[in-house]
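Asker: I need the structure of the sequence given here:
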Amino acid sequence: MKCPFCNRDNTRVVDSRPVEDTNSIRRRRMCDACGRRFTTYEKVETIPLTVIKKDQTREQYSRSKIQDGVLRACYKRPVPIEKIEEMMDQVEVEIFNTEDKEISSSRIGEIVMEHLKEIDAVAYVRFASVYREFKDVSTFMEELKKFLN
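Answerer: Model prediction:
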């Protein structure tokens with residue numbers, strides 16, 4: 001690892017510890033040349049994942065796209081951001097555990113809805129209404145009846 005201060009590559013690790021709530025390791029390093037310290041993070045590299053959209057186009061997986069949808073669904077709901085982050089981590093674990101290089105956006109949506117249902121019913125229905133493209137009130141009511149049963 002090169003030192004960001006003097007650009008020499010003789011650095012050593014002085015401290016290593018896992019980062020809470022993520023699958024990464026925080027390393028404190030010290031440069032033997034200039035004596036300065038800096039921090040690096042090491043994270044497991046995941047398989048690049050391609051999402052097959054409804055119109056059959058393909059794009060690279062993006063956590064932020066899913067997270068934006070979940071945040072919109074949870075808008076003005078009593079759901080702490082920590083709970084959303086935890087849910088997003090669980091969703092990603094489930095997505096990447098399929099070990100496929102491609103996954104359909106509909107499968108991702110189903111996974112997200114399964115997790116949202118456990119967190120907040122209103123957020124779940126909001127997400128489902130956009131994801132499933134409810135055309136009228138009757139389809140909306142059918143989804144609500146699932147909660148009443």
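Asker: thought Tyr41 was touching Ser16?
Answerer: No - in this structure Tyr41 lies outside contact range of Ser16 using Cβ atoms under 8 Å: 10.8 Å. The way it works is simple: take the backbone N, C-alpha and C, and place the C-beta from them, glycine included.
Asker: who touches both of these two?
Answerer: Common neighbours of Tyr41 and Ser16, counting by Cβ atoms under 8 Å, 6 or more residues apart in numbering, are Ile25, Arg26, Arg27.
Asker: let me know the average pLDDT across the strand or helix carrying the second one.
Answerer: Secondary-structure element containing Arg26, defined by DSSP states H and E: strand 24-31. This predicted structure assigns strand 24-31 an average pLDDT of 92.
Asker: mind checking the SS state of the residue of the chain most remote from its centre?
Answerer: The outermost residue of the chain relative to its centre, with distances by Cα atoms, centre = their mean, is Ala33 at 38.9 Å. Three-state assignment for Ala33 (DSSP: H, G, I helix; E, B strand; the rest coil): coil.
Asker: Glu82 now?
Answerer: Three-state call for Glu82 (three-state DSSP): helix.
Asker: quick one on the thing from earlier: which of the shared contacts of Tyr41 and Ser16 has the most neighbours?
Answerer: Taking other Cβ atoms under 10 Å as the neighbour criterion, Arg27 ranks highest of the shared contacts of Tyr41 and Ser16 with 17 neighbours.
Asker: residues contacting that residue?
Answerer: Val13, Asp15, Ser16, Thr39, Thr40, Tyr41, Glu42.
Asker: want to try CSV for these, with pLDDT and neighbour count as columns?
Answerer: Shown next, in CSV, are these (pLDDT from 0 to 100; neighbours: other Cβ atoms under 10 Å):
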residue, pLDDT, neighbour count
Val13, 95, 12
Asp15, 93, 11
Ser16, 91, 12
Thr39, 93, 9
Thr40, 92, 14
Tyr41, 87, 10
Glu42, 86, 13
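Asker: which single one of those is nearest to Val125?
Answerer: Val125 has its nearest neighbour among the contacts of Arg27 in Tyr41, at 37.4 Å by Cβ to Cβ.
Asker: how many neighbours does the closest residue to the closest one other than its chain neighbours have?
Answerer: With Cβ to Cβ, 6 or more residues apart in numbering as the criterion, Tyr41 has its nearest non-adjacent residue at 5.1 Å, and that residue is Ser24. Neighbourhood size, Ser24 [other Cβ under 10 Å]: 13.
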